[in-house]
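Peer 1: need coordinates for the following:
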Amino acid sequence: MATRATYNFTNNYLAGSDVCIYVHHDNYPSGASEKFKASMSKGGRLSVENFIRNNDGAHITAGHEAHGDTEYYYDIDTAKREVQCWRVRNEFDNEGGYQRLEQRMCKKPIDEFINDYTTGE
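Peer 2: From the prediction side, this is the model:
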């Protein structure tokens, strides 16, 4: 299922700048949990490089707002090993436009996020 999301990595190891990644499929929290686990597999650290390398279809994008059809976005602080998960909805207004509504679902250490959202399948 196409559950689109962006992942913004701060305090990463690429020239000290933020890097945002877009992934088209399976980005609800349990899918994101699997992507984080994959990026840290085999003793890897949480990093942009490992995230792209170990997750099919992950590629660099301009930022969270670059994709108007995302359903989730994640802010990852690699230095603190912390993630914030946001649910995004676009609601149409009476004038034919829409507004982007964002609701923070959680803010927690990455290991706790993985533990809480792993499905166990």
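
Peer 1: any regions of the chain where pLDDT drops low?
Peer 2: 1, 13-16, 120-121 (pLDDT under 70).

Peer 1: give me that answer again for 50
Peer 2: Within the chain, not a single segment meets pLDDT under 50.

Peer 1: and the top helix by length along it, what does it pack against?
Peer 2: The helix that spans the most residues within the chain, counting by DSSP state H, is helix 29-39. With contacts taken as 3 or more C-beta pairs under 8 Å, 6 or more residues apart in numbering; DSSP states H and E, helix 29-39 sits against strand 5-10, helix 48-54, strand 72-77, strand 82-92, helix 110-117. Quick note: C-beta positions are derived from backbone N, CA and C, even for glycine.

Peer 1: report the buried residues of stretch 76-94.
Peer 2: Judged by neighbour count (16 or more other C-beta atoms under 10 Å), stretch 76-94 contains these buried residues: I76, D77, T78, R81, E82, V83, Q84, C85, W86, V88.

Peer 1: how near is D111 to Q84?
Peer 2: 15 Å (C-beta to C-beta, to the nearest Å).

Peer 1: how about the nearest residue to K37 once chain neighbours are set aside, what does it touch?
Peer 2: Leaving aside its chain neighbours, K37 sits nearest to I114 (5.7 Å; criterion: C-beta to C-beta, 6 or more residues apart in numbering). By C-beta atoms under 8 Å, 6 or more residues apart in numbering, the contact list for I114 reads S33, F36, K37.
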